[in-house]
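Undergrad: What follows is a predicted structure for the sequence shown.
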Amino acid sequence: MRAITLLAAVVAAAQAASDLAERHRQWLEEEVPYIIIEREREAFLELRSADERDAFIEAFWRRRDPDPLTEANEFREEHYRRLEHANRVLGRETPIPGWMTDRGKMYIILGEPRDRESFLGAPGLYPAEVWFYEAAPRKGLSSPFYLLFFQQGFAGEYRLYSPRIHGPEKLFPALQFGENSRAEAYQLLTNISADLAHASITFRADESAIPGLVQDSVSTEVLIAEIYRSPIRAVDASYVDAIERNRGLVETEYLFNYIPSHISVDLLPGPPGLEEASFVHWGIEIEPQDLTLVFDEDKKIYYTSLEIQGEVVTANSSLPVLSFAREEFLELSPSQLAGVQARPFAYRSMFPLLPGEFRFRVVLKNRARNQYTILESPLSVPERGPGEVSIGVPVLLYGSEPAEASQYRPYHFGSERLDPNTKRVYAIGQSLLALVPVTGAGREDRITLALFDRDTSKPLGEKTGVAIGERGGEPILASIPLAGLGGGRYRLDVALEDPDGGVLGTASADFDVSPRSTIERPWSLRYQSLDPTIPGVVETALAEQYLRLEDRPRARALYERALRKNGELAAPRLILGRYLLDEKNASKAVEMLAPLAESRPEDAEVRRTLGDAYYQSGSPALAIPHFEKALSLSGPDVALLNALGACHAAAGDPARAIEYLEQSLQRSPDQASVRELLERLKSRPDPDR
C-alpha cells in the first residue's frame, strides 16, 4: 500500500510539473533544482495561476537576499552567474547542459573554489581536477575540504570521484597493481600531487589520508550530504505553510512573503474610573532580519510604510464587532538605524472591548518588500461590575521606564511605559518584571508572587508580596530576581489575598530562562485609536460594538451614558437622534441634533439626519437648508433629491419640487411613487399663469 501511495505522489507531481508554463518549468527544473527546498517545490506545483507562480519566484529570491536594505539581490545575481558559468564552461566536454554535470552541480552550490588544480597528460592517469574549499560553518560545512573530479574513459563528463566506490587505483586505468593496490596508487598520486593523493582517500582536508584505513566510507559521504544540504540549511520554509492558511487574507503579491512574528495579547482594566471596562492591549514583534526598509538616496533615509488591518468577530457566529485599518510610516536616518537594527521591532496598540467570546486577528503588511505577518488570538472578556474584585493574567515585561506625563496608552499606565516580553524569555541573572492587573482590591489586600519549575511544579524560593495600598485600580508592577535559576522552563503564579490570607483570585504565566547573556529589547511604534481619559469616549466605542451586534438596548444605554458625561460628543447625539426618529419623536430628535449642526456644520450625515427630523416634525421649510447642505457635501444623491422635492412641495414651492424630482428620475427612472408625485405637481394649475 505504501509503495502505491508513493507512486501516486510521484505521478501527481509529474503531472503538476507538466502543467507549468515553459518559463516556470525551466525555473523549477533547470535554474533552482539544487537550492530549492522540497516543501517549496511542492508548494510551487500546487499554485493556482501564473501570477501566483511569478509572485512565488520573487518571494523565493527575496528570502535569500543577504542584504534586503539594498535594491540588488546579491544571492540571485551570484546564483545566475554560477549557472551561466556552469553551462558555458563546465559542460563543454559533454552534450548535456553544464548545470546537469557533477562539476556544474557543485559549482552552482558552492561557487568558485579557493584553489583549482587540473591534471592532464599525467602518465596513465585519467584527466582529473581537484577543487579546494575553505570551511563554511554558516552553511554547515565545518571543515576545509577537497572535491575530486575525473574524466573516466578519457572522454565525456568529468564525474565526481568517490573514495569508497572508485579508490585511487581506478584513476590509473592502464596500470596493474599488486595486492596492496590502494597504497601503491596512493603513492603514485603523491608523486603527482599531495592534494590529489589526499582527495583520493578522503575529501576532508583536516582528516589524515591513510590508504590502509576505511575512514573514507563515512566521512566523505557525510561531507557530500552536507554540501547538498548547504543551500537550504538556513532557509525558513514557514512561509510555504502559510500560503494556504492565509490565502484570501492578503493580495497575491504579499501571499508568499510571510514573515514569522511574536505576539502579545493582554486583557487589562481601563484607567481609573473605568476599571470595569476591559481593554485589549496587543503587540506584534518582528525580528530585525525580517523588518525590511528601503533606502532613499536623495533624502539619505531608510523608510517603509506599514499597513495594519484588524478585526474582532464573535467566536461562534463570526459577527463583526470591531474593525480597524491604519497606515504608519517609518523613517530612520542611518545613525538611527544603526542604533536599532540589531533589535526587534514591535508595533503596539489597544482598544476597549465588550464582554463575550471573540476571535481577534491583525494583518500587518510591510510595503517595502510586500511582506506580511499575522496576529491571531481568542479573546474571552468577562462581564465586570463596578467595584468587582478580580485579578488578571500577569503580563511579563522586558522592563519599564518612567514617562513624562500620566497617561493611559498601549502598555502605558500612569507614569510607567512598559515593554511587554512578547517571547516570555529572560537571560540568566535577569529580574522578571510582571504587570499584575487587579480591580476592586482593598487597600489592605496584597499580591503574592511565586516561581515554579514548569516541568516538575516544584516551588523555587520564597513568595514575594506586594501591598495594594493606594494603587487603586492601576495595574501593579512586581519584580522578582531570577538569580540562581539556570536555563529552563518556569511558571509565575500570582494570587490576590485579603488581610486574613484568604485567596480572592489567582492567575499564572509561563516563561523560559535562556543561557544567553542578554535578551534584546525591541524598539516600538505605538498607536492609540482613542483617548480613554476623555469623558464618554470609551462608552461610545463600546456602544458602537453593541450596535454591530444589533443589541440596541445596551448600545442606547451606553450612548446616553456617554452623552451625560460629555455633551460635546457627536456620535452619541447622532445615533440617539436616529433612535428618536425611529420612535416618531421628531421634536425630541430636533433638540438632540440641532447642536450638532453648529459644532459640525460640514458633516453631511448630521445635516441629512437633522433635515429628516425637521421634516417629520412638520417643519419642511426648516429641513430644506439642511438637505441642501448635505447635497452639496455628499454630491448627487437620489434620496436627498427626493427629500428636497417633498420638502419644497410641502412648503408650497412646486416649481422647485419639480426641479429636484426631475433630477432624481434622471438618475433613477424606476421610481413609481416619485413619478406619480411629479405628475400630480405638474397637473396643478400655475397660480402665476
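TA: Alright, I've got the coordinates.

Undergrad: give me the number of residues near residue 342?
TA: By the criterion of other Cβ atoms under 10 Å, residue 342 has 9 neighbours. Every C-beta, even on glycine, is put in place using the N, C-alpha and C of the backbone.

Undergrad: which residues does it contact?
TA: Neighbour list for residue 342: 288, 520 [criterion: Cβ atoms under 8 Å, 6 or more residues apart in numbering].

Undergrad: can we see that at 6 Å?
TA: Residues in contact with residue 342 (Cβ atoms under 6 Å, 6 or more residues apart in numbering) are residue 288.

Undergrad: and if you look at residue 384?
TA: Per Cβ under 6 Å, 6+ apart, neighbours of residue 384: residue 276.

Undergrad: so what's it scoring on pLDDT?
TA: If you check residue 384, the pLDDT there is 81.

Undergrad: Next one: it relative to residue 392, how far apart?
TA: Distance, residue 384 to residue 392, using Cβ to Cβ, to the nearest Å: 10 Å.

Undergrad: Equivalent analysis for residue 564, please.
TA: Residue 564 sits at a distance of 29 Å from residue 392 (criterion: Cβ to Cβ).

Undergrad: Please identify which of those two sits among more neighbours.
TA: Set residue 564 next to residue 392 and count neighbours by other Cβ under 10 Å: residue 392 wins out with 21 against 12.

Undergrad: isn't the more buried one right next to residue 438, touching?
TA: No: with contact defined as Cβ atoms under 6 Å, residue 392 does not reach residue 438; the gap is 7.5 Å.

Undergrad: okay, and for the stretch 251-400 of the chain, where does confidence drop off?
TA: Nowhere does the stretch 251-400 of the chain drop to pLDDT under 70.

Undergrad: now the helices: where do they sit in it?
TA: Using DSSP state H, counting those that start in this stretch, the helices of the stretch 251-400 of the chain run over 252-255, 334-340.

Undergrad: how far out from the middle of the chain is the last one?
TA: Right, helix 334-340. Chain-centre distance of helix 334-340: 23 Å, with Cα atoms, centre = their mean, to the nearest Å.

Undergrad: pLDDT averaged over stretch 558-569 - what is it?
TA: In this model, stretch 558-569 has a mean pLDDT of 94.

Undergrad: Which residues does it contact?
TA: Stretch 558-569 is touched from outside by 535, 536, 539, 540, 542, 543, 572, 575, 576, with contacts defined as Cβ under 6 Å, 6+ apart.

Undergrad: Residue 157: which of those is nearest?
TA: Ranked by distance to residue 157 (Cβ to Cβ), the contacts of stretch 558-569 are led by residue 542 at 74.0 Å.

Undergrad: what's around that closest one, how many residues?
TA: Neighbour tally, residue 542, other Cβ under 10 Å: 23.

Undergrad: what's the helix or strand for it?
TA: If you go by DSSP states H and E, residue 542 is part of helix 537-548.

Undergrad: So which other helices or strands are in contact with that helix?
TA: The helices and strands touching helix 537-548, judged by 3 or more Cβ pairs under 6 Å, 6 or more residues apart in numbering; DSSP states H and E, are strand 320-332, strand 345-353, helix 552-565.

Undergrad: winner for burial among these?
TA: Neighbour counts (mean count of other Cβ atoms under 10 Å) averaged over each of the helices and strands packed on helix 537-548 peak at strand 345-353, with a mean of 23.

Undergrad: What pairs with that one, parallel or antiparallel?
TA: Here strand 345-353 is paired, per DSSP bridges, with strand 278-286 (antiparallel), strand 523-528 (parallel).

Undergrad: Touching it from outside, list them.
TA: For strand 345-353, the surrounding residues in contact (Cβ under 6 Å, 6+ apart) are 277-281, 283-286, 291, 381, 410-411, 522, 524-527, 529, 538, 541-542.

Undergrad: Could I get the helices and strands packed on helix 537-548 in TSV, plus columns for distance to residue 490?
TA: Converted to TSV, those look like this (distance: least, Cβ to Cβ, whole Å):
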stretch	distance to residue 490
strand 320-332	35
strand 345-353	23
helix 552-565	42
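
Undergrad: So which of those is nearest residue 361?
TA: Checking the helices and strands packed on helix 537-548 against residue 361 by Cβ to Cβ gives strand 320-332 as the closest, at 10.2 Å.

Undergrad: The closest one vs strand 345-353, what angle?
TA: On the basis of axes from the mean of the first three to the mean of the last three Cα atoms, to 10 degrees, strand 320-332 is oriented at 150 degrees to strand 345-353.

Undergrad: Could you list the buried residues of stretch 165-175?
TA: Using 16 or more other Cβ atoms under 10 Å as the test for burial, stretch 165-175 gives 166, 167, 168, 169, 170, 171, 172.

Undergrad: Output the contacting helices and strands for the helix or strand harbouring residue 622.
TA: With elements taken from DSSP H and E, the one containing residue 622 is helix 620-634. Contacts defined by 3+ Cβ pairs under 6 Å, 6+ apart place helix 620-634 against helix 604-616, helix 638-650.

Undergrad: Residue 588: which of the ones you listed is closest?
TA: Closest approach to residue 588 among the helices and strands packed on helix 620-634 is made by helix 604-616 (8.8 Å; Cβ to Cβ).

Undergrad: Report the distance from the closest one to the chain centre.
TA: Distance, stretch centre to chain centre, for helix 604-616: 44 Å (Cα atoms, centre = their mean).

Undergrad: Remind me what that helix packs against, helices and strands.
TA: helix 586-599, helix 620-634.

Undergrad: Export that helix to CSV, keeping only CA atoms.
TA: Extracted C-alpha coordinates of helix 604-616, given in CSV (Å, rounded to 0.1, in the frame of the first residue of the first chain):
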residue,chain,number,x,y,z
ALA,A,604,-23.3,65.6,5.6
GLU,A,605,-24.7,62.9,7.8
VAL,A,606,-25.6,65.3,10.6
ARG,A,607,-27.3,67.7,8.1
ARG,A,608,-29.3,64.8,6.5
THR,A,609,-30.5,63.4,9.8
LEU,A,610,-31.4,66.9,11.1
GLY,A,611,-33.3,67.6,7.9
ASP,A,612,-35.3,64.4,8.4
ALA,A,613,-36.1,65.5,12.0
TYR,A,614,-37.4,68.9,10.9
TYR,A,615,-39.4,67.3,8.1
GLN,A,616,-41.0,64.7,10.3
